[in-house]
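1. I would like to see how this sequence folds:
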Amino acid sequence: MERQKMVGFVMATVFFGTVFFQFVHAKETEDNITEQWTPELHMQYKTIYSTAMSPDGRRIAYVVRGPVMEGEKSEYLSHVWLVSSDGSSNFQYTQGEKSCSNPLFSPDGNYLAFTSSRSGENQVWIMRVLGGEAEQVTGAEAGVASYKWSPDSRWIVYTMRDPETKAEKNKKKEKRDVILADQEFKYNHLYVIPIAKDKDGKRTSRRLTRGDFHITSFNWSSDGKTIVFAHQPDPRINTGFSESDLSTVPKDSGAVVLLVQQPGVDDDPVYSPDGKWIAFTSQGGKREPIGLRDLYIVPALGGSPKKLAETPDRNARIIGWSNDGKWIYVSESVRTSQHVLAVPIDGKIFYTVTSGYGMFESVAFDKKTQKMAFVYENDDTPADVRVSPVSRFKMTQLTHLHKNVPMPAMGRTEVIRWISKDGMEIEGLITYPVNYIKGRSYPLIVEIHGGPAGVFGHNFTGGPDIYMTQYFAQNGYALLRPNPRGSTGYGKDFRYANFKDWGFGDFEDIVAGVDKVIDMGVGNPDSLCVMGWSYGGYMTSFVVTQTDRFNAASMGAGLPNLISMITTTDIPDYLVAHMGGEFWEDYATYEKHSAIYRIENVKTPTQVIHGANDLRVPFTQGQEFYVALKRRGVPTEMVVYPRTPHVPLEPKFLMDVSKRVMAWFEKQLRGREISFEVEEREGKEEEENK
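-> Predicted coordinates for the structure are as follows:
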C-alpha cells in the first residue's frame with residue numbers, strides 16, 4: 001500500500017501537534033510515578049510463581065521475584081513467602097542476598113523444602129514449617145536441577161547434571177579444554193538422599209540412573225518404592241521437540257525398566273494416588289515439533305497407553321490427580337485466558353474448573369484436592385495468590401503484595417475480533433491510550449508475539465515485560481496485540497494453520513486487525529508502528545517488506561533469513577517442522593518466507609534490537625537485517641545488549657528496551673529526539689553522591 005499523500009500528512013500534522021503537547025505535558029511529570037506509567041514503575045510490580053499448598057490446605061508457599069538495580073547490580077532476587085489459606089497471616093519465609101525458590105511441603109506437613117545457591121551450587125534446603133534455621137540437605141557437586149519429596153517424607157529424589165571429571169577440570173586449568181560440538185554431553189540423572197542423618201551426622205546420596213540419556217521430569221509412586229521419569233537421548237533443547245520416552249526405576253536399585261517408547265515426545269509422568277496408573281502428555285506416537293500435548297494414561301506395570309478426552313488447545317500441562325484418582329487436572333491456554341481443566345480417566349469429556357477470564361497459573365492442591373491455590377492476574381489486576389474450593393469455584397484473594405505500589409490511571413484493555421482476508425476469525429487485545437477520548441484517533445502500535453505458538457492473554461498490562469504496555473499507552477499510543485494463525489490457545493488446527501505460510505496468512509491476519517482498529521476510529525492510519533520479539537521480530541521484518549504503510553518498526557531478536565537461521569539456531573527442528581522440510585530440499589520455500597530476500601522493498605525506518613549471546617535466534621540474524629537496511633539507505637539503528645541470550649535477563653536491560661523503542665517511534669513519527677545520555681549522567685551523579 002502506498003503512503004498517504006501530502007494532504008493526509010498535513011492533517012496528521014495537526015493531530016500530531018495535539019498529541020505532542022499531551023506527550024510533553026506528561027513528560028514534565030515523569031519523575032512523579034504516581035501520576036503516570038514509566039518503565040521504572042512497571043518494574044515495581046513483582047513476579048509471583050511456584051505455589052505449593054500444605055497437605056492440610058492451611059498454608060500456601062509461593063515465590064516472589066523482584067529486580068535489584070542499585071549501583072552495579074542488575075539482577076533478580078527471589079524469596080519464598082508463606083500465607084495462610086484464610087489470609088490471616090502472610091510473611092516472607094526465606095531471607096538473604098541469595099535467591100530461594102521451588103518450595104515444596106513435605107507430605108507429613110512438617111517441613112518446607114526449597115532450593116537455593118546460598119552455599120555455592122543450587123541445593124535443596126529444608127526448614128520447619130513453623131520456622132527455624134534452614135538446613136542444607138543435598139551436596140550435589142553440579143547443583144540440583146529439580147527435586148521431589150517421597151510420599152513418606154523420608155527421602156528426596158533429585159536430578160543433577162553430570163559434573164566435570166578430574167581430567168576435564170585439569171584440561172580447563174591448563175587451557176586445553178577444547179569443545180567438541182554435539183559430543184561429550186552432560187546428562188541429568190536421578191539421585192536419592194535420606195532426610196535422616198546417619199550415626200556420623202551425615203547424609204549420603206545414592207545415584208539411581210546412568211547412561212546416555214537425559215532426564216527431564218519425574219514422579220514418585222504412591223508407595224514410595226518406584227520413580228517414573230521422562231528422558232530424551234541428549235540434553236539439547238532441539239531434541240526435546242522431537243523425542244522423549246518414559247521409564248521407571250526402583251528407589252533402592254538402578255534397574256531401569258522402559259515403560260513407553262514410541263516416536264515423538266512422551267513427557268511429564270505422574271502416578272495416580274492408588275499407584276495403578278501413570279498419566280502423561282504425548283504427541284501420540286508421531287513427531288509433532290510444531291506442538292501437541294494430548295493426555296494419556298498407561299498401567300504402572302506396563303501396557304498400552306490410553307488416550308483421554310482432547311482438551312480445547314490439545315496442549316495440556318499436568319498439574320496432578322484428584323485424590324480419588326478419577327480426574328487429572330491440567331493447565332491450558334483457552335483463547336486469551338489460562339484455565340484449569342479436569343479430565344476424567346474414563347475417557348469422557350473434560351470440564352473447566354476455573355471460571356471467568358484471566359490467567360489462573362501456578363496451581364497447587366491440598367492432599368484431598370478439596371482446595372486449590374493459584375496465582376491470578378488480569379489486564380487491570382496485578383498478580384496475587386488466591387484460593388478456591390475445587391468443587392465449586394469461587395476465588396478468595398489472600399495476598400496484596402502491590403498495595404503500596406502506585407497505580408495511575410490505566411489504558412483500558414479489551415478483546416476484539418475480526419475476519420482475515422481468507423475468512424478466518426482472528427482475535428486480539430486492544431489497549432487504549434490512557435485518558436482515551438472516544439472519537440479521537442491515536443497513533444497505533446502493533447505488537448506481535450513470539451512463537452509463533454505464543455499467545456497474548458490477560459496478563460497484567462502494568463507489569464514488567466519486554467514491551468511495557470501501559471508505558472506506551474501513557475504516552476498517547478493505542479496498542480493492538482493480535483493472535484494470528486499459529487498462536488496457541490485456539491486449538492491444534494489454528495496452531496498449525498501457518499504451516500509453510502509464515503509471513504503470508506499471518507501477515508493478512510495482522511493487517512486486517514490494523515484495519516479493524518482504524519475502522520473503530522481508534523487508530524490513526526497516518527501514524528502506524530509495528531514491533532515484535534523473536535517470531536514477532538520475524539513478522540516485523542516481513543511486514544516492512546510487504547507494505548510501507550507503517551511509519552516506524554522495531555525488530556527484536558528477529559529472524560529475517562530462514563536459511564542462515566536454520567543452520568545456526570539451537571532449535572532447527574522447530575523451524576523445519578513449519579517449513580515442511582530441510583532447506584537444501586526446498587530452497588524456494590525458505591527464500592519465499594525470508595524477509596532478507598525482499599529487502600529491496602523496505603522503506604520503513606526500522607530499528608534492530610538483539611542480544612549479543614542469543615543462541616535461539618543468533619545475533620547474526622539481527623546483524624544481517626541491520627547491515628542490509630543501512631546499505632540500502634533505509635533509516636535504521638542497531639541496539640545490542642551484551643551478555644544477553646534470547647530475552648533480556650538483566651532488569652536494567654529489560655527496562656531499557658521499551659525506552660529505546662519509544663525513542664525510535666517518537667523520532668520517526670514526530671522528529672523528537674530522546675536523549676539517553678542525560679539518564680546515564682544522572683545515574684552517575686547519584687552514585688557519586690552516595
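
2. spatially central residue in the chain, please.
-> residue 454 (8.9 Å; C-alpha atoms, centre = their mean).

3. for the residue of the chain positioned farthest from its centre, give me the pLDDT.
-> Here the centre of the chain is the reference, and by C-alpha atoms, centre = their mean the most remote residue is residue 199, at 45.5 Å. Per-residue confidence at residue 199 stands at 92 (pLDDT).

4. before we move on, what SS does it have?
-> coil (DSSP: H, G, I helix; E, B strand; the rest coil).

5. next, it: phi, psi?
-> phi -60, psi -20 (degrees, to the nearest 10).

6. what does residue 178 give?
-> The phi/psi pair for residue 178 (degrees, to the nearest 10) is phi -70, psi 140.

7. tell me which element the residue lying closest to it once chain neighbours are set aside is part of?
-> Once flanking residues are discounted, residue 178 sits nearest to residue 171: 7.8 Å by C-beta to C-beta, 6 or more residues apart in numbering. C-beta coordinates here come from the backbone N, C-alpha and C atoms, glycine included. Assigned by DSSP states H and E, residue 171 falls within helix 166-173.

8. pull the contacting residues for the residue nearest to the centre of the chain.
-> 487-488, 535-536 (C-beta atoms under 8 Å, 6 or more residues apart in numbering).

9. so which two of these are the farthest from each other?
-> Using C-beta to C-beta, the pair of the contacts of residue 454 lying farthest apart is 488 and 536, separated by 14.1 Å.

10. so these two - more neighbours on which side?
-> Using other C-beta atoms under 10 Å, the more surrounded residue of residue 488 and residue 536 is residue 536, with 27 against 23.

11. tell me who's in contact with the more buried one.
-> By C-beta under 8 Å, 6+ apart, the neighbours of residue 536 are 447-450, 454, 556, 558.

12. repeat the analysis, applying 10 Å as the threshold.
-> 446-452, 454, 466-467, 481, 530, 554-558 (C-beta atoms under 10 Å, 6 or more residues apart in numbering).

13. try residue 418
-> Residue 418 makes contacts with 424-428, 482, 509, 512-517, 519-520, as judged by C-beta under 10 Å, 6+ apart.

14. restricted to helices, list those residues.
-> 509, 512-517, 519 (DSSP state H).

15. any chance of these in CSV, plus distance to residue 241 and neighbour count?
-> Shown next, in CSV, are the ones in helices among the contacts of residue 418 (distance: C-beta to C-beta, whole Å; neighbours: other C-beta atoms under 10 Å):
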residue, distance to residue 241, neighbour count
509, 25, 28
512, 31, 18
513, 29, 25
514, 32, 22
515, 35, 13
516, 34, 20
517, 35, 25
519, 40, 11
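
16. do you know the pLDDT at the nearest residue to residue 128 once chain neighbours are set aside?
-> Nearest residue to residue 128, sequence neighbours excluded (C-beta to C-beta, 6+ apart): residue 111, at 6.3 Å. For residue 111, the pLDDT comes out at 98.

17. so how far is residue 153 from residue 111?
-> As judged by C-beta to C-beta, to the nearest Å, residue 111 and residue 153 stand 7 Å apart.

18. residue 503 now?
-> 54 Å.

19. of these two, which one has the most company?
-> Using other C-beta under 10 Å, the more surrounded residue of residue 503 and residue 153 is residue 503, with 21 against 17.

20. which residues of the stretch 451-600 of the chain fall in strands?
-> 478-483, 523-533, 552-556 (DSSP state E, counting those that start in this stretch).

21. give me the sheet partners of the last one and which way each runs.
-> When you say that, I think you mean strand 552-556. strand 523-533 (parallel), strand 606-611 (parallel) (DSSP bridges).

22. what separates that strand from the chain centre, distance-wise?
-> Offset of strand 552-556 from its chain centre (C-alpha atoms, centre = their mean, to the nearest Å): 21 Å.

23. doesn't residue 203 lie inside a helix?
-> No - under three-state DSSP, residue 203 falls outside any helix and is assigned coil.

24. if I pick it, what's in contact with it?
-> Counted by C-beta under 10 Å, 6+ apart, residue 203 has contacts 136-139, 156, 193-197.

25. can you do 7 Å?
-> 137, 193-194, 197 (C-beta atoms under 7 Å, 6 or more residues apart in numbering).

26. buried among those? Make that a ChimeraX selection.
-> Only the buried entries of those go into this ChimeraX selection, using 16 or more other C-beta atoms under 10 Å:
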select :137,193
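
27. just put the contacts of residue 203 in JSON lines and tack on distance to residue 45 and secondary structure.
-> Written out in JSON lines, the entries for the contacts of residue 203 read as follows (distance: C-beta to C-beta, whole Å; DSSP: H, G, I helix; E, B strand; the rest coil):
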{"residue": "137", "distance to residue 45": "33", "secondary structure": "coil"}
{"residue": "193", "distance to residue 45": "38", "secondary structure": "strand"}
{"residue": "194", "distance to residue 45": "41", "secondary structure": "strand"}
{"residue": "197", "distance to residue 45": "42", "secondary structure": "coil"}
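
28. export the contacts of residue 203 to a markdown table and append columns for distance to residue 644.
-> Formatted as a markdown table, the contacts of residue 203 follow (distance: C-beta to C-beta, whole Å):
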| residue | distance to residue 644 |
| --- | --- |
| 137 | 34 |
| 193 | 36 |
| 194 | 41 |
| 197 | 43 |
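
29. now, which of the contacts of residue 203 sits nearest residue 584?
-> residue 193 (49.2 Å).

30. where does pLDDT dip in this structure?
-> The chain contains residues with pLDDT under 70 at 1-34, 675-690.

31. just the helices in it please.
-> Counting by DSSP H, the helices of the chain are 6-28, 39-42, 166-173, 469-474, 492-495, 505-519, 535-546, 562-566, 572-579, 587-592, 619-632, 651-670, 677-689.

32. isn't residue 242 up against residue 290?
-> No - using C-beta atoms under 7 Å, residue 242 makes no contact with residue 290, being 11.2 Å away.

33. which of the two has more neighbours?
-> Taking other C-beta under 10 Å, residue 242 and residue 290 do not tie; residue 242 has more neighbours (20 against 17).

34. separation between that one and residue 574?
-> In terms of C-beta to C-beta, residue 242 sits 9 Å off from residue 574.

35. that concludes my questions; thank you for your assistance.
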